[in-house]
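>>> What would the 3D arrangement of this be:
(one chain, ligands or ions: 1)
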Amino acid sequence: MVLQAHEGVLTSSVSFPRVLVATAVPAERDAVARALTSAPPDATRLPAATVHRVAAPGASGAEGPGSGFGLLAAGVGPARAAASTAAALTAAVLDGAPYDLVVCAGIAGGFLPEAPVGSLVVADEITVADLGAETADGFVPVTELGFGTITHRPPGHLVRTAAAATGAATGTVLTVSTVTGTAARAAALRERHPRALAEAMEGFGVAEAAAAHGVPVLELRAVSNAVGPRDRAAWRIGDALTALTEGFGKLAAALESWNAHEPAES
Ligand SMILES: O=C(O)c1cccc(C(=O)CC[C@H]2O[C@@H](n3cnc4c(=O)[nH]cnc43)[C@H](O)[C@@H]2O)c1
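Next up is the predicted model:
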């Protein structure tokens, strides 16, 4: 809440951060939109990305250009998601209304028993699980080959705020280019990443784009299936999208009190 004196009258206004929400597919984007508005969002077509704009709940319209949420169906997989997210971030900068935060949101596979179907996970680490080299001694991440990055860490205060608001578990969310389909692969991932709670396919790409722009990132996932043996009949995509809508509504409310321009502890 910001108090302003205008012609001798003290008024209050709320200033909202500008948040870009990157999902993989339109169904996830629409699940996020349902948390924010019942009106159809305004679509802005950009080169390489279409952003749907939604005012923050409770906004008066006087918050300035680009405030509230930009919703982006960024595509499936880390490369497409990075390209679309980078395009949306660049367009906002050129428009003079850069984003304050990027949230990667969507459904995910959950590692049992910590992340059951229907539960929410907020990433305190966003780690790409398959960027590296296969050697005779097993998988070696690019960082051990001497280049690149495999992990992005969202700011701790935002992770705590998001988890407290949504009731999500916090831990590592892995980004994979191949969905896990066997118990052996699930076990190998957990052995290499003991803090992993979920796997999905976009977080690391979205985080790379955010990092290139110096913008903090969060990842919120709703679990639609267990990581393990492939069993399409067991997917609960509808339940996960409902959980995503509920969780995102709570996250949006919590972000209203976040001042993006105030220094915060990590
Ligand atoms: O064909 C399959 O066996 C299969 C199993 C799980 C998910 C898929 C997808 O194509 C969905 C990819 C889409 O959804 C996210 N997602 C959801 N569950 C998982 C998962 O267990 N592992 C990785 N990604 C998952 C992902 O972020 C994509 O956007 C197919």
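
>>> Where does the residue in the chain positioned nearest to the ligand sit: helix, strand or coil?
As assessed by CB to the nearest ligand atom, the ligand sits closest to Gly109 within the chain, at 2.2 Å. For glycine as for every other residue, the C-beta is placed from the backbone atoms N, C-alpha and C. The three-state label given to Gly109 by DSSP: H, G, I helix; E, B strand; the rest coil is strand.

>>> Could you list the contact residues of the protein toward the ligand?
24, 76, 106-109, 176, 179-181, 199-202, 224-225, 227, 230, 232 (CB under 6 Å from any ligand atom).

>>> Hmm, the residue of the chain closest to the ligand is touching Gly181, no?
No: at 10.0 Å, Gly109 and Gly181 do not qualify as touching, with contact defined as CB atoms under 8 Å.

>>> And the two? Which one has more around it.
Neighbour tally, Gly109 and Gly181, criterion other CB atoms under 10 Å: the higher count belongs to Gly109, 25 against 14.

>>> which residues sit in contact with the more buried one?
Val179, Thr180, Ala198, Glu199, Ala200, Val223, Ser224, Asn225, Ala226, Val227 (CB atoms under 8 Å, 6 or more residues apart in numbering).

>>> what's the burial count for the residue lying closest to the fourth one once chain neighbours are set aside?
Spatially, and ignoring its direct neighbours in sequence, Glu199 is nearest to Leu174 (4.3 Å; CB to CB, 6 or more residues apart in numbering). Summarising burial for Leu174: neighbours were counted as other CB under 10 Å, giving 30.

>>> helix/strand/coil for Leu174?
Quick answer, by three-state DSSP: Leu174 is strand.

>>> mind listing what it touches?
Counting by CB under 8 Å, 6+ apart, Leu174 touches Thr127, Val128, Ala129, Leu189, His193, Ala196, Ala198, Glu199, Ala200.

>>> just Arg160 next, same as before
Thr170.

>>> okay, whichever strand or helix holds it in CSV with CA atoms only?
Arg160 is part of helix 156-166, with elements assigned from DSSP states H and E. What follows is helix 156-166 as a C-alpha-only set of coordinates in CSV (Å, rounded to 0.1, in the frame of the first residue of the first chain):
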residue,chain,number,x,y,z
GLY,A,156,14.8,-17.4,-0.8
HIS,A,157,12.3,-14.7,0.5
LEU,A,158,10.1,-15.2,-2.6
VAL,A,159,10.3,-19.0,-2.3
ARG,A,160,9.2,-18.8,1.4
THR,A,161,6.4,-16.3,0.6
ALA,A,162,5.1,-18.5,-2.2
ALA,A,163,5.3,-21.7,-0.2
ALA,A,164,3.6,-20.1,2.9
ALA,A,165,0.8,-18.7,0.7
THR,A,166,0.1,-21.8,-1.3
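
>>> Just the mean pLDDT for that helix, thanks.
Averaging pLDDT along helix 156-166 yields 98.

>>> Show me the shaky parts of this protein.
Along the chain, the parts satisfying pLDDT under 70 run over 1-15, 58-66, 263-266.

>>> And the strands in it, which stretches?
Along the chain, counting by DSSP state E, strands occupy 2-6, 9-13, 18-23, 42-46, 49-54, 68-73, 101-110, 120-128, 132-135, 138-141, 151-152, 169-175, 196-200, 217-226.

>>> Just send these back as JSON lines, with distance to Ala162 too.
Putting the strands of the chain into JSON lines (distance: least, CB to CB, whole Å) gives the following:
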{"stretch": "strand 2-6", "distance to Ala162": "23"}
{"stretch": "strand 9-13", "distance to Ala162": "24"}
{"stretch": "strand 18-23", "distance to Ala162": "12"}
{"stretch": "strand 42-46", "distance to Ala162": "26"}
{"stretch": "strand 49-54", "distance to Ala162": "18"}
{"stretch": "strand 68-73", "distance to Ala162": "15"}
{"stretch": "strand 101-110", "distance to Ala162": "9"}
{"stretch": "strand 120-128", "distance to Ala162": "5"}
{"stretch": "strand 132-135", "distance to Ala162": "29"}
{"stretch": "strand 138-141", "distance to Ala162": "27"}
{"stretch": "strand 151-152", "distance to Ala162": "15"}
{"stretch": "strand 169-175", "distance to Ala162": "8"}
{"stretch": "strand 196-200", "distance to Ala162": "14"}
{"stretch": "strand 217-226", "distance to Ala162": "6"}
